[in-house]
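Student: sequence plus the predicted model coming up.
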Amino acid sequence: DAGVTQSPTHLIKTRGQQVTLRCSPKSGHDTVSWYQQALGQGPQFIFQYYEEEERQRGNFPDRFSGHQFPNYSSELNVNALLLGDSALYLCASSWGGTSGRNEQFFGPGTRLTVL
Amino acid sequence: AQSVTQLGSHVSVSEGALVLLRCNYSSSVPPYLFWYVQYPNQGLQLLLKYTSAATLVKGINGFEAEFKKSETSFHLTKPSAHMSDAAEYFCAVSNQAGTALIFGKGTTLSVSS
């Protein structure tokens, strides 16, 4: 079991650029959630995808968008990057969407640096 | 709205000493509560979870936590610290196991020999 995988591991972008991060869920999971973890802070929920639709969204601007594919993998897109978007982006997978009863399993994260 | 407060951003203990990491929550519905550990440059690993069954929850690596509704607390303990326990610990709350997790700011645990 490969667990949750994320790519790339690290990424450096400049202000105003756009970035796409990718996540493959744990085998048997159909739900993907994305979190942003700024340095020295706890993770903050961005959104959750289930059945290829956004089911829940945290307090993040529209510059943050996502997608879920039929194989349950997911992408996080961030447009018009700001310095404040520099963070570790964590993907978590689970089963059953918002009605699921099992816990979320986290990937190792993608470290995004915006210069 | 749900929230989590972790008391103490940094806790230092000696190897073999008791570990106590504090977490208080706020929730208008019966909460699901979690403790996660994060080692440097890694993602989060689930230590244990409370989902309205037994109030004393046992997790991995000898950790346990007790849900106290009257105190709205879910403190994490381990009887004897090991050097390998040094890491960042996060308490989190949600209204269901699979929904958005609300995390505290974390507590850094240092273990000295």
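Tutor: Looks like it came in fine. Numbers count the residues shown, from 1 in each chain, chains lettered A, B, ... in the order given.
Student: so what's the residue nearest to the spatial centre of chain B bridging to?
Tutor: Note on chain B: the residue nearest the mean C-alpha position is B:Trp35, at 3.5 Å, using C-alpha atoms, centre = their mean. Listed by DSSP bridges, the beta-bridge partners for B:Trp35 are B:Leu48, B:Cys91.
Student: neighbours of B:Gly43, how many?
Tutor: Using other C-beta atoms under 10 Å in any protein chain shown, the number of residues around B:Gly43 comes to 22. All C-beta atoms are positioned from the backbone trio N, CA, C, and that covers glycine.
Student: for A:Gly96, that is, sorry about that
Tutor: Other residues within reach of A:Gly96 by the criterion other C-beta under 10 Å amount to 15.
Student: sorry, back to before: so the residue nearest to the centre of chain B versus chain A, what's the distance?
Tutor: According to C-beta to the nearest C-beta, to the nearest Å, B:Trp35 stands 11 Å off from chain A.
Student: test my guess that that residue contacts B:Glu88.
Tutor: No. B:Trp35 sits out of contact with B:Glu88 when judged by C-beta atoms under 8 Å, with a separation of 11.4 Å.
Student: what ranges do the helices span in chain B?
Tutor: For chain B, none of the segments meets the definition of helices by DSSP state H.
Student: how about the contacts made by whatever residue is furthest in space from the centre of it?
Tutor: Relative to the average C-alpha location in chain B, and by C-alpha atoms, centre = their mean, no residue lies farther out than B:Ser113, which sits at 23.0 Å. Contact analysis of B:Ser113 by C-beta atoms under 8 Å, 6 or more residues apart in numbering or on different chains lists B:14-15, B:83.
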